[in-house]
Every structure is written in C-alpha cells, then in structure tokens.
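Asker: sequence and predicted model, in that order:
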Amino acid sequence: MVKEECKALLDALSRVTACYRHMVLTIGGTSDSQNLREELKKTRQKAQELAVANRNKLTAVLKDKAVSKEDKAEFERLWVIFSTCMEILEIDMRRALELGQEFPLNVPKKHLIQTGMSGGTSGVAARAMSVQNMKYEADNNIDVVDLKDLENEINQVGEMMYEMEMKVNVPQWTVEAKQDPGAELKSTISVGASSIGMISVENKSFCDISKVLAGIIFSAVLIIAIVLAVCVVKLS
Amino acid sequence: MLLGLLQCRPVGSSGHSREAQPPPPPPPAGHSGLPHPGKSLPLTAAAAAAVANPGGPVGRRKGHPWGAEPSAPAASGGCEFRRPVVGRAWDGSFDRDGIGSAAGRMERVVLSMQDPDIGIKMRNQRLLITVIPHAMTGNDIVEWLIQKFAISEEESLHLGNLLVKHGYIYPLKDPRSLVLRADDSPYRFQTPYFWTSSKWPATELDYAIYLAKKNIRKQGDLIDHEKDNYNLLHKRINHTWDFVVMQAREQLRAAKQRRKGDRIVIDCQEQAYWLVNRPPPGALNVLERGPERRNCCVSRVQLPENADYYKREIECCRKGVGRARVKSSVCLEGYVKFSEQYMPHDPIMSGCLPSNPWITDDTSYWAMNAPTVTVPTKLRVERWAFGFGELLADALGRRQLLEFLKKEFSAENLSFWEACEELRYGEQARIPHIVDSIYQQFLAPGATRWVNIDSKTMEKTLEGIKMPHRYVMDDAQMHIYMLMKKDSYPRFLKSELYHSLLAEAVVPPETKKRVFPFMRKQRHSSPSPALLPPAGEPEAKAEDPTKASGAPAEP
C-alpha cells in the first residue's frame, strides 16, 4: 500500500522533472516567451510540492523500524531514485536561472537565438500540471520578476537536499537496479502505452493517411474503368 | 617592425546594412612591409578571440609579445592583437567562461548573428512535409563573418569551424561531421541550454538518459561506441539505472506534446550536443583541447588608452629591445659541452661502480663516496678539476685545498670564505657575534689571519659592520673567492698534491655478476631501519673494495 503510494508520487515527480527539463531547454530560443516563463514557474512549484511530499513519505518509511528487509531495500532504491531526481531538478533550476538572466524578454537589444522552434510548450506544461489547458495570468515582466523567486527556491531545494543527506543514511552503492540494460525496450513493446508505441502508432497513422489516399484514388480509377467498360459493352 | 605595432586598422564595418555589402576592405598600404595577410597562418583561438572582440582588450598571444607573425587584418581588434599586454589591469578575477573567455567570445559572436537587421539571413529547411525555419547555409555564415569582422575568407572559415566544433552551430545534413562547409549545406543554431560551458559539464547521468532514449527510439539499434558506453554506464551508475529508464520514458512522453517540427529540432539539438560532448572514438574532443587557456585575466573594464598607457607601452618596448640576448647556438653549445663533460660522472647515464645500490642491494657505492672517506674515488677527484665550485662543494676537496693553501701560506683565504658562508646561511640570532668574530680574526688591522682585500672593499665592509646583517660580507667574500679561483686554484690543479691524489684514487671494480641466475642475490626491500639494532652499520671504510665486490653487504 505504502509502496504503491510512494511509487506513484515518485512517478509524478519524475514526470514533472522531465517536463521541466524540456521547458528549460527552450529558454533563449525562439519558443521562449512570457508564457514559457510562467509555465516554468508553475512547474517548478509543482515539482517542489511533490518533492516535499515524497520526502516526507519516504523518510517516514525509512525511519520505521518495523519494515521488513526486502521492503527496506525497495524503499532505499526508491530513495536513491528520489535523490537523483532532486539533483537533476536542482541543476535544471540553476540553469534556468542563468539562462533567464542571460535572455531577458523585454529588452529590445537582446535577441533570442533562432533555434528553429516555432511551437509553444503549453502541451508540455499541461502534462506537468496534469491539467487539460494551461491558464496564463501573469504580468508581462514575469521573466524578470520570477528570477528572485527562483533564486530563493534554489536555495530552498539546496537546503532540503542537505537535510536529506544528513538525516537519512542510505549509501547509494548498496542499491542495485532492478532493470537490466535494454529493459526499456522490453517494457515498451509489452506495455504499448509508452512513447515508442505511440510514436509508431502516430507514424503508422501518418503513413495510413497517404496509403488511404492512394487506395481511394486507385479504387476510384478502378471504378471508372469498370463503368467505362460496362458502358462500352452496353452500347456496343 | 615597431612601426607595424602602432598602426591601427580602421574600425570594422559593423554599421553596414544588409543591402549595401561592400567587399572586405583591402589591406592598407602600410602593411606592405609585412607578408601578405592573406597567407595561411595557424590562427590560434587567440586570433579568433581577438577577431570576435571588437575593441576589447585581448589576452596575450603565445610567442612574441609583438607580432613577429604577420597578423591577418583583424578588424577593430587588430591593434590590441599585436600589442604587448603590459599595463593591462588585472582585476584579480579568474574569469573562466565569463564574457572574457574564448567561450564567452564565441557566444557573443553567435548572439550578434541573431540581430534581425544585421544578423545572418535565415532560410527555411524543407523536410518532406514539415518546414522548419531558421536554417542557414555554410556560405551564409562565411560571408557574414567576412563582412562583420572584415577578415579573409580563410580566417572566417576557421572561425566558423570553431563555432561548429564547439557546438554553437550544428550541421543538419551530415550531423556527425562537425565541419563548416562553405557551400549550401544547412546549419542551425544550438539552443543556449546546450552551449558548451565549463560551469555545466555534461554529466554521466544525462548521457545515460540520452542513450536510453535513443535506445527506445531506435529499438536497440545503437552505434557501437554508444552501445559500449551504454553498458559501461549501466555498470557505473547502476544504482540510479531505474531512474534513468524512468526519466528517459518521461522525457520522450513530454516531447510528444510538441509539434512535429519542434520534435525534430529537439532531436537534432540533442544529438549535436552529445556529438560534441561525447565524441565517437577517434574524433577530436574539443573539450579536452579547448581554446588555448591563457590566463583569462581580461578585465571587463577596458583600460583607457590615453597618453599614460601609450607611454608605458613605449617604455616596455624600449626595455625589451635593450635586453641582452644570448644566441641559442651559444646556449646550446654550452649545454652540450656541459653534458659531455658530466656524462661519465652521471650514475644513471654511465652506470656506477661498483654497482647500483638500488639494484643489487650493495651499499658500497654510497660508502665509497661518503663525504668523509679517506680514499676518494677517481671520478670524484677528476670532478674537482671541472671548476672551482666543484672543488669547494666537496668536503674532501675543500680539505685538500686547505692543505695545499697551508703550504702556500694563504690558508686564511679559505677560512675567511668559510666563515662568510657561515654568516650567510647561519642563524639570525648569531649574526652580530659571527660578524664580530670575523672582524677580529680576519679584518682587523693586526689580526692573526689577516686577509688581503683591496682598500675600497675593505672600507665598504668596515662601514657595513657597524650595522651587521647577513650579507654584509658579500663583497669581501666575492673578492676572496675570485682571488682563490684565479690564483690558487690553477696552482692547486698543477700541484704535486693533486697529482698524487689522482694517482692514489681508487677505481672500484664492478661487482661480479654471478653466472648462474639462481646464485644471484634476490632483490628484496631492506627491512626498516627502525627494526634493526643500532649496531651493525655498513662499513664506512672503503679500504678493501674487493671485499665489497665479492659479497654484497648484508643489510
């Protein structure tokens, strides 16, 4: 029960981290906009909430002496995953700060790098926040205003990680991965709801459209040919 | 050459609009003395950095401070490019990867390319169905660089290549070859997150996530070196491997939320980033051989180029010209002579007799060459003839010299010299005492061992004695030293004493190598002297080296 909850929380955190990383990638490029900065802020706050929830749950479990050995090993594995996730999140936050400072949006002299991106990141943000559509309600200068908050939050995350290191004593090298190399391939094929499955489905659908078109044209030609033949037969 | 230094190129054509594109300005007539700037020269990153740094101070280039190399007509940065760095304020900050570093300069070039008016012209990249904007041809890049910095095509190509190799621009058609081609091969800018920076090195974790994503996308069909890296990483960061897989999946799912065109761009960007940061084996790793790391002591504040600055530079040049130089041929000759003379005496080059103690555990070599041995070895005595310094440096030699000087009634010179050495290297607290004793023994009129110093030095020394310090006897000591060297030393070498020493000197025979290998003494490390009883020192007397040769000494 507790394990499933922990796993679910961790999955959520991982999802939000991936989305955050994706959004930080676009700072400074042509997809950068005030909306992006707002999305970054919201995602980051959500990530922090999840992180705190994860930490509380996992520390409670790890401190619990009544947990069996295998369970403890499992929770330690989850703990290592959690701390790695936090490391990545912290690094991304720092980079977001640096990039945000380098590429302010409202300065006419500073131009964004023409990276070739043309679409927005609202889909990614919606996935991170687990909503259908994103609502944007921030001011026009959030790119500058947010930087202060970002700095504070980075410090907070740093402190949290330090506390985690101090309070919970899980040596990382004792944890063994459950997955073998190449595990991501097996599960993707089997589960089918994962990325490769969906990408291939999409590709197939894409090819299907052209195939369908070709089929329609062919059958139309065939029908016309049959009709003409029938006419010829009928008339002659 | 000095003239070429202070000549300035006109400030570069940065104000040109898109339409009026004049050809790059020809090199001015003043440069006719130097070889044509169009010549190929190994443009270091310093040059590129100078080029990319209009008007800013530039770090010193390797080699001559003033360009003995003909510099290509660099733009507004051309003057500083050739001047020595003297007089530049160093604000003490080690500006690594800040604006002052080469990476920072490359970033500035890329940023200046983004300007919609004077930046680079963008085209659209047309894939099968999707159209992706913001592509540029290699030719565009080269042309723009030529025009912006007023440099030659070769230099511009080199600069563009630097940008591509460091990952600021990546090729679209042939992503694995990070080379700038001056034709219509398409290129695109890299997103700032993926710019190479030493502050944010590419981590193993990120690489693992990238490989996992690639594995998923290509259904396990990775390139060889990527497969190896994948397995290696699986072992190395095994504890977070589950996280790697999770994160790879999540990142792919997040990417799906974007348009197809953007997804393609993201894939290309990531691929380019990892090609730069984890190059395939055999490819040039730019991160190791980065732009020349001079001291990034380029301050952000530009020094005011007023009269003072130029005065200082002129002074520096003048001093430099006046400096005495030794021809390298002369230096090398001296070096060769020294090596030839000392080669037979070098235990590593010519072996040492009786045997190398480190190999045979036979310490007789050290015993025979100890400072207080009665019969010196022949090599040692020969070495005394090389120079006066050698004779004085050897304790035994000094003693023999003293004997000789006693016969000549000039032994006080050597004693005086030794006393001065004691003063120079002795305890600070005893200095007044030593100076006093020296004075009493050697310098006072009517002293027992009065040394013969010329009047000027004597006056100076007597003055100095009133305020004694460590170096007060330096002049007198030098005088006596030169006296001994010029006068007594050659006579010593010709003397009977020396010749008899040479004749008596012993040549230790080489330790006999036992014929049968199993009879040879096995090498083993000596036990720690802390364990040994204090008695049983190795023989200090080298009277019978034959004993030493036959049976290696027991530790």
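Answerer: Great, that's in hand. Residues are numbered from 1 along each chain as shown, chains lettered A, B, ... in the order given.
Asker: poorly predicted segments of chain A, please.
Answerer: A:186-208 (pLDDT under 70).
Asker: can we see that at 50?
Answerer: A:189-206 (pLDDT under 50).
Asker: ok, now the stretch 451-555 of chain B?
Answerer: Across the stretch 451-555 of chain B (using pLDDT under 50), the flagged ranges come out as B:536-555.
Asker: now the helices for it?
Answerer: According to DSSP state H, counting those that start in this stretch, the stretch 451-555 of chain B carries its helices in the segments B:455-465, B:474-483, B:489-494, B:496-504, B:545-550.
Asker: ok, now chain A?
Answerer: According to DSSP state H, chain A carries its helices in the segments A:2-25, A:34-63, A:69-102, A:122-129, A:142-167, A:183-191, A:195-235.
Asker: so can I have a markdown table of those helices showing mean neighbour count and distance to chain B?
Answerer: For every residue, glycine as well, the C-beta is placed using N, CA and C. As requested, these are exported to a markdown table (neighbours: other Cβ atoms under 10 Å in any protein chain shown; distance: least, Cβ to the nearest Cβ, whole Å):
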| stretch | mean neighbour count | distance to chain B |
| --- | --- | --- |
| helix A:2-25 | 20 | 4 |
| helix A:34-63 | 19 | 11 |
| helix A:69-102 | 19 | 4 |
| helix A:122-129 | 21 | 3 |
| helix A:142-167 | 15 | 14 |
| helix A:183-191 | 15 | 5 |
| helix A:195-235 | 11 | 4 |
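Asker: closest one to B:Val507 among these?
Answerer: helix A:142-167 (68.6 Å; Cβ to Cβ).
Asker: helices or strands next to that closest one in the packing?
Answerer: helix A:34-63, helix A:69-102 (3 or more Cβ pairs under 8 Å, 6 or more residues apart in numbering or on different chains; DSSP states H and E).
Asker: show me how far that helix is from its chain's centre.
Answerer: Relative to its chain's centre, helix A:142-167 lies at 21 Å (Cα atoms, centre = their mean, to the nearest Å).
Asker: got the angle for it vs helix A:34-63?
Answerer: Here the directions of helix A:142-167 and helix A:34-63 differ by 10 degrees (axes from the mean of the first three to the mean of the last three Cα atoms, to 10 degrees).
Asker: helix A:142-167 vs helix A:69-102, what angle?
Answerer: Going by the same axes, to 10 degrees, helix A:142-167 makes 150 degrees with helix A:69-102.
Asker: and the gap between B:Lys173 and B:Phe189?
Answerer: Noted for B:Lys173: a distance of 16 Å to B:Phe189, by Cβ to Cβ, to the nearest Å.
Asker: between these two, which one's more packed in?
Answerer: B:Phe189 (27 against 12; other Cβ atoms under 10 Å in any protein chain shown).
Asker: contact partners for that one?
Answerer: A:113-116, B:110, B:113-114, B:134, B:168-169 (Cβ atoms under 8 Å, 6 or more residues apart in numbering or on different chains).
Asker: re the thing from before, save the helices of chain A as a markdown table, and put in distance to B:Ile480 too.
Answerer: A markdown table is the format used below for the helices of chain A (distance: least, Cβ to Cβ, whole Å):
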| stretch | distance to B:Ile480 |
| --- | --- |
| helix A:2-25 | 76 |
| helix A:34-63 | 80 |
| helix A:69-102 | 68 |
| helix A:122-129 | 87 |
| helix A:142-167 | 68 |
| helix A:183-191 | 85 |
| helix A:195-235 | 89 |
